[in-house]
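>>> mind looking at a prediction? Sequence and model below.
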Amino acid sequence: MSLDSSLSIATASLGNINAQLGLVSNNVANASTPDYSVETSNQISLVAGDQPLGIQTEAATRSINLALQQSAFQQDSTVAGLTTTTTSLQTIDALQGTPGQSNDLGSLLGAVQDAFSTLLGDPSSAAQQSAVIAAAGNLTTGINTLSDAYTQQRQAAQNGIVTAVSSINTDLSQIGTISDQIIAARIAGESSAGLENQRDAVVDSLNSIVGIKTLVQPNGDMLVTTPSGTQLPTRAGTGPLLTSGATIGAGASLASGTIPGITLDGIDITSQLQGGSLGANVTLRDTTLPTFQGELDEFSQSLASRFQAQGLTLFSDPNGNVPAGGGTPVQSGYVGFASEIQVNPAVQATPSMVRDGTQDVAGSAAGASAFTTNPTGGPAGFTTLINRVLDYALGAQAQSGVAQTPGNTTGLGPDGTLNAPYAAPATLGDNATALVAAQAAVSAAASSQLTTEQAVQTTLNSNLTAISGVNMDTEMSYMIQLENAYGVNARVISTVQAMFTQLLQVVQ
């Protein structure tokens, strides 16, 4: 081998070593970067005949398990959705109170019952009459607070949806831009590994917002679809997803058009956007929280109507009215009633009505029995109404031998599409208990599942890191090998230079 060939090989080797050191440096710098896959580069020995011509470094590629990466991304989507759900429902939990600790719905109703029981012992006591009204006011305030919380969380979900759609559009555009750069790099024979890592980070971000599927094309491009297969454009001029903000009321719904959907090319694809924070917010806004609202509206209407049926309109809307049932859908006449139920203004103005009654009752065989209010100047110890409240309004029967008409647990909400997960309770107390337990169970289930899915997420990410992540020990070991090789090639160059010098001296 000539000195010139030796010098050429050693010089080329130094260039290759520098390229490898650059890769090591980049790997070390990104060791803590999420979604970064370690980059490597193969070296090929060049030979012409029997003569070695040095080393050629190929374009850098990534060491990655794509199937495991996809599983990790999908798990990130699951965890993001459950985190959104749990955070929202924990706000409701905080307002539900602790059963038996005086601040939950059942305890507040129990306080009304206790106040009537006390009034039964002294019906003429103005203080006890006021105590009944105060207990009733505490109950309606508790109901109002819960109803308002449902609406606030639905509004938060709606706002989150608008923000998520904007973020999705941004991420889709970034995926398209990076994909164009990857395609160009491959055409030019350059490494696209760094760009692929950048794109994966965006894909993971997008997965956290909404569940997606991706497919990398042979030229390096990437297709993005919903789980159901609808392709999401990555190079759209505007959008591509469109929605708008909205003020959410108790009666608002996607089906009625009072809540805007999410469209792609004019087609509503809201139902296809599942998983991630967006999917969770859609479920919260359109299903979970409206179901909670429907359950509470049903309790409120039953509360007001059962008292009214016995001759005491204690609970009403601000105008003193009790909304009627029997509509289509079943709650059409009282959707959102829980947000406005209060102690009847007429009763607040005349507290003795909790003893005397507010109206006569004609009575019916299928409902409450007949009742006549205590007239002005009537007995101060009038107990008929109080007994009707304790025995029937708060009991399982409308009158002796006649069961209360059960409340609705199916066909709830403004569209009649929602169902409570419990059978219609016989008494108001059982209704309050079932409602609180069911809603707490939804929150507890989400929280428990989140804990489980986070453990799976940790395992998947650990496995992915073990395969595709940067191993600092490996990188440091390789760096030492490269440094040693650098020293060897430097000595070769130094030796060749010395030999060239001697040859020149001989010639001279």
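Received it, and whenever you're ready, just let me know what you need.

>>> so where is the protein shaky, pLDDT-wise?
Residue ranges of the chain with pLDDT under 70: 1-63, 100, 468-490, 492-493, 496-497, 499-500, 503, 507-508.

>>> next, the buried residues of stretch 140-158.
Judged by neighbour count using 16 or more other Cβ atoms under 10 Å, the buried positions of stretch 140-158 are 140, 142-144, 146-147, 149-151, 153-158. Where you see a C-beta, it was placed from the backbone N, CA and C, and this is true even at glycine.

>>> could I have it exported to PDB, CA atoms only?
The C-alpha trace of stretch 140-158 is given here as PDB (Å, rounded to 0.1, in the frame of the first residue of the first chain):
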ATOM      1  CA  THR A 140     -82.000  23.800  47.500                       C
ATOM      2  CA  THR A 141     -78.700  25.600  47.800                       C
ATOM      3  CA  GLY A 142     -76.900  22.300  47.700                       C
ATOM      4  CA  ILE A 143     -78.900  21.300  44.700                       C
ATOM      5  CA  ASN A 144     -78.200  24.600  42.900                       C
ATOM      6  CA  THR A 145     -74.500  24.300  43.700                       C
ATOM      7  CA  LEU A 146     -74.200  20.800  42.200                       C
ATOM      8  CA  SER A 147     -76.200  21.900  39.100                       C
ATOM      9  CA  ASP A 148     -74.000  24.900  38.600                       C
ATOM     10  CA  ALA A 149     -70.900  22.800  38.900                       C
ATOM     11  CA  TYR A 150     -72.200  20.400  36.200                       C
ATOM     12  CA  THR A 151     -72.700  23.400  33.900                       C
ATOM     13  CA  GLN A 152     -69.300  24.900  34.800                       C
ATOM     14  CA  GLN A 153     -67.600  21.600  34.000                       C
ATOM     15  CA  ARG A 154     -69.500  21.300  30.800                       C
ATOM     16  CA  GLN A 155     -68.400  24.800  29.800                       C
ATOM     17  CA  ALA A 156     -64.800  23.900  30.700                       C
ATOM     18  CA  ALA A 157     -65.100  20.800  28.500                       C
ATOM     19  CA  GLN A 158     -66.400  22.900  25.600                       C
END
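
>>> what is the nearest of the buried residues of stretch 140-158 to L119?
T140 (18.2 Å; Cβ to Cβ).

>>> filter the buried residues of stretch 140-158 down to the ones in helices?
140, 142-144, 146-147, 149-151, 153-158 (DSSP state H).

>>> would you map the helices across the stretch 351-500 of the chain?
353-356, 384-388, 428-468, 472-507 (DSSP state H, counting those that start in this stretch).

>>> swap that for the stretch 201-350 of the chain, sorry
Under DSSP H, counting those that start in this stretch, the stretch 201-350 of the chain gives helices at 276-283, 289-309, 345-349.

>>> could you do the stretch 1-150 of the chain as well?
3-29, 66-96, 105-121, 126-187.

>>> of those helices, which is nearest P379?
helix 105-121 (13.8 Å).

>>> now L385, nearest residue through space, not along the chain?
In space, and not counting its chain neighbours, L385 is closest to G357: 4.6 Å by Cβ to Cβ, 6 or more residues apart in numbering.

>>> if I look at that neighbour, how far off is D317?
Distance from G357 to D317, counting by Cβ to Cβ, to the nearest Å: 19 Å.

>>> neighbour-wise, which of those two wins?
Taking other Cβ atoms under 10 Å, G357 and D317 do not tie; G357 has more neighbours (24 against 18).

>>> next up, the contacts around the more buried one.
311-312, 371, 373-374, 385 (Cβ atoms under 8 Å, 6 or more residues apart in numbering).

>>> and this structure, what are its domain boundaries?
Following automatic domain parsing, one finds the domains of the chain at 3-63+472-507, 69-455.

>>> most tightly packed of these?
domain 69-455 (a mean of 19; mean count of other Cβ atoms under 10 Å).

>>> how far out from the middle of the chain is that one?
15 Å (Cα atoms, centre = their mean, to the nearest Å).

>>> and that domain, end to end?
This stretch, domain 69-455, spans 16 Å end to end (Cα to Cα, to the nearest Å).

>>> adding distance to T465, write the domains of the chain out as CSV.
Shown next, in CSV, are those (distance: least, Cβ to Cβ, whole Å):
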stretch, distance to T465
domain 3-63+472-507, 10
domain 69-455, 9
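
>>> distance of I386 from S124?
12 Å.

>>> likewise A135?
18 Å.

>>> what of T270?
Taking Cβ to Cβ, one finds T270 at 60 Å from S124.

>>> please save the CA atoms from stretch 297-304 in PDB.
Output of stretch 297-304 as PDB, limited to C-alpha atoms (Å, rounded to 0.1, in the frame of the first residue of the first chain):
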ATOM      1  CA  ASP A 297     -83.200  17.400  37.600                       C
ATOM      2  CA  GLU A 298     -85.300  14.300  38.200                       C
ATOM      3  CA  PHE A 299     -84.600  14.400  41.900                       C
ATOM      4  CA  SER A 300     -85.500  18.100  42.100                       C
ATOM      5  CA  GLN A 301     -88.700  17.600  40.100                       C
ATOM      6  CA  SER A 302     -89.700  14.600  42.300                       C
ATOM      7  CA  LEU A 303     -88.900  16.600  45.400                       C
ATOM      8  CA  ALA A 304     -91.100  19.600  44.400                       C
END
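
>>> for that stretch, which outside residues touch it?
Here stretch 297-304 has contacts from 105, 109, 139, 143, 147, 250, 313-316, 322-323, 325, 331, 334-338, 341, 407-409, 412, 420, 428, 431-432, 435, using Cβ under 8 Å, 6+ apart.

>>> okay, stretch 275-294 in CSV with CA atoms only?
What follows is stretch 275-294, C-alpha atoms only, in CSV (Å, rounded to 0.1, in the frame of the first residue of the first chain):
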residue,chain,number,x,y,z
GLY,A,275,-59.3,9.3,23.1
GLY,A,276,-57.0,11.9,24.4
SER,A,277,-58.1,15.1,26.2
LEU,A,278,-60.5,16.0,23.3
GLY,A,279,-62.3,12.6,23.4
ALA,A,280,-62.7,12.9,27.1
ASN,A,281,-64.0,16.4,26.9
VAL,A,282,-66.6,15.4,24.3
THR,A,283,-67.8,12.6,26.5
LEU,A,284,-67.9,14.9,29.6
ARG,A,285,-69.8,17.6,27.7
ASP,A,286,-72.3,15.4,25.8
THR,A,287,-72.8,12.3,28.0
THR,A,288,-71.3,12.2,31.5
LEU,A,289,-72.2,15.6,32.9
PRO,A,290,-75.6,15.9,31.1
THR,A,291,-76.5,12.5,32.7
PHE,A,292,-75.5,13.9,36.1
GLN,A,293,-77.7,16.9,35.4
GLY,A,294,-80.6,14.7,34.3
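
>>> now F382, nearest residue through space, not along the chain?
Nearest to F382 is N374, by Cβ to Cβ, 6+ apart, at 4.1 Å.

>>> please disregard the earlier target; I meant R186.
G220 (5.0 Å).

>>> which ones are touching that neighbour?
Listed by Cβ under 8 Å, 6+ apart, the contact set of G220 reads 179, 182-183, 185-186, 192, 196.
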